[in-house]
Each structure stands twice: as structure tokens, then as C-alpha cells.
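Asks: Curious how this folds, go ahead:
(chains A and B)
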Amino acid sequence: MDQAILFTHKELIEKSKIGDRKMQYKLYSLYVDAMFNVSIRIVKVKEDAEDIVQDSFVSAFKNLDSFKYQSTFGSWLKRIVVNKSINYLRVKRVPLVALEEQEYWLTEPEEIEDSKLDVKRIKQGIDALPQGYQTIINLYLIEGYDHVEIGEILEISVSTSKSQYHRAKKKLIELID
Amino acid sequence: MKDELRDFIQEHRNEFDEHKIDKDALWSKIEAELEEEPKKVIPLWKRHRWKIAASILIILGSTFFFGYLNSPGIEENIVYEELQEVDNYYGSLVNQQIQLIKNHPNLSPQEQEDFLALIDELDVEYKGLKEELKEGINNEKIIEAIIHNYRQKIELMEKLLQRSLPSKKEYDEQEIVL
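Replies: Model prediction:
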């Protein structure tokens, strides 16, 4: 990644590290809405997403010293939010992935027609997916994680992530069509 | 592998963030939680002072005590124990900071080299002091000097790290990168 991008908001971050509350608020203001959306997509319940975002910022500021610019601050923070949100699903015993059906072959899902690509329809389609498919679709399509990262987040293998995604995508395209 | 659906969504990524949060209400909760355990202002400086004060006290105390007993053998041991303690404590601190500086992304190789040269100079002084200690004369003064030597290194590093913080903004204030 471009070095300059990694150091986005470096001054704000460094001052936040030494406990400057004003700078922490600035940093928070920049990212809070994005983080709220990340969490609400996963946990679905607005109030719970708020709690998770609150919890995430508290632990981010308390552990800011461990942030060493190996990723952007945004993706570091987002990972905290994602992990806490997934953890919430675990505690609530919401299935993180769909049960693996016995399928010996997996065809590539058909690509969707360009004319049907529409944000609203996609959102509705995702909402209509079985819970076990929604998380992986969110993480891959919207949050932009790759299968290795999703494997870490959901504690599944890379190949499971791939096959789950393919099934979920197939289902999603059916729903959008 | 091409994934048109993903490409489309990434292009329209902002449209998926539709929710807004009551920013200030949430912040007051976060702030309250952060207040509970105020971030400890790095107690490095304070600790040094205590450590030094304690070291000097122990050195003086043991000097008087063993001076009174008049048994130089034990005194020598105590001095070495003391030195070891000082070495352990400051040594690890110094090494840690040297690593930090070596790996620091914002320091030019020139700055790092200059810095390491200064540290080398102080190392030579340190070795000299350790030699003197063997002669057993005025040990507490020498240990004090050793501590001073360590403190110089640490101060040097603190200044360097301070300076390496960026002074000007190299990014757009409002831009966020996820």
C-alpha cells in the first residue's frame, strides 16, 4: 500500500495516543458513521450496533499504542468493529455460515445482467438471504475483505469461505433477478 | 477472477452506508468510559527519578552499613548486584528504544546513523566507567555516573522520537481510508 495512505491522519492519531481528548473526538467524528454502518450490516439491530461501535472506539483508544501504521487507521478500526460484531453473533448463536450441503460440484454462479445491477435491489436481495449467507456476502462484497481475511474473521478455512461465498452469491443473484 | 457484482458494489460503496448515528450522544458515553481509567501519562520520567533516588539511597545505605562492618568483600558484591540491577533496568529500556528508532519509518538513514554514533560514544564512556568500578574506589559516584550515562541515552532517544513526529499535515483532513 502507498506509504502516504498508511499515514492518513497521523497527527490526529499520534495526539490521540497521548490521550488528547479533542483529537480523539475529531478522529471519532471522521469514522463513526462508517463504523456504525459496518456494524449494523452485520448485527442488524440498531441499538446493538451502537453499543458495539461505542465499545470499539473505547477499546481502540485504549489500545491505540498498538496501532503501528501497518494498515490504515480506518481498516485497523474497522477490523475491531467487525470482530466485535461477529462476536455478538456468536454470543447470540446466530449461524455465521450456512450449513455445508452435500454438493460435489460447484458451478460458477451466472453473472448478473448489467441492467439489473442496482444498489436498492442488491440491498433488498441481501436482506432476503438466509442469515448464514448474509455475513459472508457483507464481508466479501461490501466490506471488501478477501477470502483469507474472511477465513480469519469467521474462523473458517479459505476454501470454506470461497465455497460459501459462491453459494451465497448464486442465491443472491436468484433473488435479484 | 472477475466478479462484476463485487466491482459494481465497490463502485457504489458509499450508497451502502445509509445510517447516521447520534454522534455526540455516543461520544459522551465513550468519553465517560475513557475517563474511568484515565490513560496513564507515560510514567517513564517519574519512574527514572524514583529508580535513581532508590538506587542512590541503596548505594549510600549499603556503603554506610558495610563501611561500618568494614568488610570490603561484601561491599563489592553489593555494588555488583546494584550494577546488575541498574544494567537490567536501563539496558532493556535503552535497547527497546533503539529498536524503535531503527524501525522508525519516519527517520532517514542519516538521522539514524548520527544517532547510533552518539550512542556508541556513550557506550565507550559506559565501558570506561565499568572498568573503574573494578578498582573499588568511590563506587557510588561511579554508579551514579553510569546511571547518568544511561539517562543521557534515553534523553537523546526521546528527543529524536519527539522530532520524528510529523510537523505538517501531509493528508486531507476530511479524507478517510478504510
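Asks: I'd like the distance between B:Val86 and chain A.
Replies: 26 Å (C-beta to the nearest C-beta, to the nearest Å). The way it works is simple: take the backbone N, C-alpha and C, and place the C-beta from them, glycine included.
Asks: Summarise which helices and strands the helix or strand hosting A:Ile86 is packed against.
Replies: Secondary structure from DSSP states H and E places A:Ile86 in helix A:73-91. Contacts defined by 3 or more C-beta pairs under 8 Å, 6 or more residues apart in numbering or on different chains; DSSP states H and E place helix A:73-91 against helix A:21-43, helix A:46-62, helix A:147-154.
Asks: how about the nearest residue to B:Ile59 once chain neighbours are set aside, what does it touch?
Replies: The spatial neighbour of B:Ile59 that comes closest, neighbours along the chain excluded (C-beta to C-beta, 6 or more residues apart in numbering or on different chains), is B:Glu140 at 4.3 Å. Residues near B:Glu140 by C-beta atoms under 8 Å, 6 or more residues apart in numbering or on different chains: B:Ile56, B:Ile59, B:Leu60, B:Thr63.
Asks: what comes up buried for the longest helix along chain B?
Replies: The residue-count maximum for a helix in chain B (DSSP state H) belongs to helix B:72-102. Using 16 or more other C-beta atoms under 10 Å in any protein chain shown as the test for burial, helix B:72-102 gives B:75, B:78-79, B:82-83, B:86, B:89-90, B:93-94, B:97-98, B:101.
Asks: With stretch A:83-93 instead?
Replies: So stretch A:83-93, judged by 16+ other C-beta under 10 Å, has buried residues A:Lys84, A:Ser85, A:Ile86, A:Tyr88, A:Leu89.
Asks: any residues touching that stretch, and which ones?
Replies: In contact with stretch A:83-93 (C-beta under 8 Å, 6+ apart) are residues A:38-39, A:42-43, A:48-49, A:52, A:55-56, A:96, A:135, A:153-154.
Asks: Output those residues in JSON lines, with pLDDT appended to each entry.
Replies: Compiled in JSON lines, those are given as follows (pLDDT from 0 to 100):
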{"residue": "A:Val38", "pLDDT": "97"}
{"residue": "A:Ser39", "pLDDT": "97"}
{"residue": "A:Ile42", "pLDDT": "96"}
{"residue": "A:Val43", "pLDDT": "95"}
{"residue": "A:Asp48", "pLDDT": "96"}
{"residue": "A:Ala49", "pLDDT": "97"}
{"residue": "A:Ile52", "pLDDT": "97"}
{"residue": "A:Asp55", "pLDDT": "97"}
{"residue": "A:Ser56", "pLDDT": "97"}
{"residue": "A:Leu96", "pLDDT": "87"}
{"residue": "A:Thr135", "pLDDT": "95"}
{"residue": "A:Ile153", "pLDDT": "96"}
{"residue": "A:Leu154", "pLDDT": "95"}
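Asks: Show the buried residues in the residues you listed.
Replies: Using 16+ other C-beta under 10 Å, the buried ones in those are A:38-39, A:42-43, A:48-49, A:52, A:55-56, A:96, A:135, A:153-154.
Asks: Contacting chain B as well, which ones from those residues?
Replies: Applying C-beta under 8 Å from any C-beta of the partner chain to these, one finds that nothing falls near chain B.
Asks: how close does A:Glu111 sit to A:Gln54?
Replies: Look at A:Glu111 and A:Gln54: by C-beta to C-beta, to the nearest Å, they are 40 Å apart.
Asks: Can you pick out the residue with more neighbours from those two?
Replies: Legend: neighbour count by other C-beta atoms under 10 Å in any protein chain shown for A:Glu111 and A:Gln54, higher for A:Gln54 (19 against 12).
Asks: rewinding a little: most neighbours of all the contacts of B:Glu140, which one?
Replies: Within the contacts of B:Glu140, neighbour counts (other C-beta under 10 Å) peak at B:Ile59, which reaches 22 neighbours.
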